[in-house]
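Novice: Structure, please.
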Amino acid sequence: MKNIFKRIVVSILTFEAKLLIKRMKPQIIAITGSVGKTSIKDAVYDVFKNRMHVRKSDKSFNSELGVPLSVLGLPTAWSNPLMWLRNIIDGAMLVVHPGKYPELLILEMGVDRPGDMDKLTAWIKPDVVVLTRLPDVPVHVEFFDSPEAVIREKEKLVHALKPEGVLIFNQDDPRAAQIAAETRQQSIGYSRYSLSPFTASADRIVYENGNVIGFEFMLTHVDRAVLCRVQGTVGVQHAYNHAAAAAIASVFQIDIDAVAEALRGHVPPPGRMRLIPGLKDTLIIDDTYNSSPAASEQSLKTLGEIKGVKRRIAVLGDMMELGQFSTREHERIGALVPRFADKLVTIGVRARGFSAGALGAGMDEKHMLEFPDALTAGRELQTLIKAGDVLLVKGSQSIRGERFVEELMAEPEKAEELLVRQDPVWKRK
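Specialist: Residues are numbered from 1 along each chain as shown. Model (predicted):
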């Protein structure tokens, strides 16, 4: 009954969203890929928000339900049938009386299962498509025949691009670059490790009085270069986010100086490599929003780059939805841990594969701890951490790594402001 109700709600909201787009004709920037969709979306929004009436997907609304909600500007009603009925009524009213509707929509479009992108592209025809990374083992591969099948599903968004549309793609990613080469519409690349129209380079972690405070890099387009800095977070992904935002902005005749200025105060969303002061003068790198092999590998590399710390502690939770690749990928990522961390803490059953991989790569078992859940791990580590430690915390959504962070953050009263999944419904789960 619940699934039938959901299908009915999705069908009605999708119909309303389709009518609204047909009537108001907003420009649409649609973002897909396996890494970085939400962060790029938020960066792009900050570039445009003071230039035109723009709306972005709320949080990570990127599914067959989330995208219509974003188009209609409606909240999720979770499991409340009356609230869903209210959403349907509000959606109908919006179609009839749209008022001042956004000129530009910035939408995440993700896939969980085969056919998901078909459902979205049946009524979404973007003006700009952004293709982020397409790694060897993408998240959600569990529900597909192969990693290549996931990529083919995401590629359908490129095929939905308007004839006069523009493809923005990660030029460092060979699969994204191949798709761009086969696309008849104009394509613009962005990169960090190869030369592209929008290249980030010379990235480094920024320190103040010996403490990590952010991340900076140069962004170059043709013969112009600007220095970009992101406060309160670290990681090369921010270089990609800014480069992608600049490439998208160029389609709207916005230059990189204006992009850098617009992003000067940009703060990435919670749970994406955010720097949070911890108990006992420690530092937490909060990357708890979600996890995948590619993202975990990059996060570990960033942990290894931080200087002047006592111990680097990798706190890694289960990576979900990897199907037949789960054991292999947990052990592969675990084998990287000794290169970038002094200690390993695992959360969850699958995460024990991290320990197996680390042990095989030479890490001493005495430097490993295993816990069944995030809350237990957080409480236990309160007695084990020392001043000068830096902890990277990463895991898939279901591990609820934010609970671990809340146990160890110096100011837990700021959890609602700083951590991911803090609304009442999530807190009850």
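Novice: Quick check: can you list the domain ranges of the protein?
Specialist: Domain assignment for the chain, taken from automatic domain parsing, gives 2-195+243-262, 274-428.
Novice: now these in JSON lines, with mean neighbour count and mean pLDDT?
Specialist: The C-beta positions use only the backbone N, C-alpha and C, and glycine is treated the same way. As requested, those are exported to JSON lines (neighbours: other Cβ atoms under 10 Å; pLDDT from 0 to 100):
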{"stretch": "domain 2-195+243-262", "mean neighbour count": "19", "mean pLDDT": "96"}
{"stretch": "domain 274-428", "mean neighbour count": "20", "mean pLDDT": "97"}
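Novice: Glu216 contacts Asp203, doesn't it?
Specialist: Yes: A contact is recorded between Glu216 and Asp203 when judged using Cβ atoms under 8 Å, the distance being 7.0 Å.
Novice: if we compare the domains of the chain, which one ends up closest to Asn209?
Specialist: Taking Cβ to Cβ as the criterion, Asn209 comes closest to domain 274-428 out of those, the separation being 10.5 Å.
Novice: was I right about Tyr193 contacting Asp172?
Specialist: Yes: in terms of Cβ under 8 Å, Tyr193 counts as a neighbour of Asp172; the distance is 5.0 Å.
Novice: Let me see the contact set for Ile172.
Specialist: To be clear, residue 172 is Asp; Ile isn't right here. The contact partners of Asp172, taken as Cβ atoms under 8 Å, 6 or more residues apart in numbering, are 191-194.
Novice: nearest to Thr233, of the domains of the chain?
Specialist: Comparing those against Thr233 with Cβ to Cβ, the closest turns out to be domain 274-428 (5.2 Å).
Novice: end-to-end on that closest one?
Specialist: Using Cα to Cα, to the nearest Å, the span of domain 274-428 from its first residue to its last is 24 Å.
Novice: ok, which stretches of the stretch 301-429 of the chain are helices?
Specialist: For the stretch 301-429 of the chain, helices defined by DSSP state H, counting those that start in this stretch occupy the ranges 326-340, 352-360, 374-381, 401-408, 415-418, 424-428.
Novice: quick one: the second one to chain centroid distance?
Specialist: Relative to its chain's centre, helix 352-360 lies at 26 Å (Cα atoms, centre = their mean, to the nearest Å).
Novice: coming back round to it: next, format the domains of the chain as CSV and append distance to Val222.
Specialist: Conversion of the domains of the chain to CSV gives the following (distance: least, Cβ to Cβ, whole Å):
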stretch, distance to Val222
domain 2-195+243-262, 9
domain 274-428, 28
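Novice: Tell me which of those domains approaches Glu208 most closely.
Specialist: Distances from Glu208 to each of those were compared using Cβ to Cβ; the minimum, 11.6 Å, belongs to domain 274-428.
Novice: returning to what we had before: out of the helices of the stretch 301-429 of the chain, the one nearest Tyr45 is which?
Specialist: Set against Tyr45 and scored by Cβ to Cβ, those come closest in helix 415-418, at 19.2 Å.
Novice: Tell me how far the closest one lies from the chain's centre.
Specialist: Centroid separation between helix 415-418 and its chain, computed with Cα atoms, centre = their mean, is 18 Å.
Novice: Helices of the stretch 51-200 of the chain, residue ranges please.
Specialist: Per DSSP H, counting those that start in this stretch, the stretch 51-200 of the chain has helices spanning 66-72, 81-96, 116-121, 147-159, 174-181. These are given in chain order.
Novice: I'd like to know which of the domains of the chain lies nearest to Tyr207.
Specialist: Proximity to Tyr207, assessed across the domains of the chain by Cβ to Cβ, is greatest for domain 274-428 (7.3 Å).
Novice: for the closest one, the distance to its chain's centre please.
Specialist: When distances are taken as Cα atoms, centre = their mean, domain 274-428 is centred 17 Å away from the chain's centroid.
Novice: Let me see the contact set for the residue lying closest to Phe354 once chain neighbours are set aside.
Specialist: Across the structure, with Cβ to Cβ, 6 or more residues apart in numbering as the measure, the residue nearest Phe354 apart from its sequence neighbours is Gly334 (3.6 Å). By Cβ under 8 Å, 6+ apart, the contact list for Gly334 reads 316, 344, 353-361.
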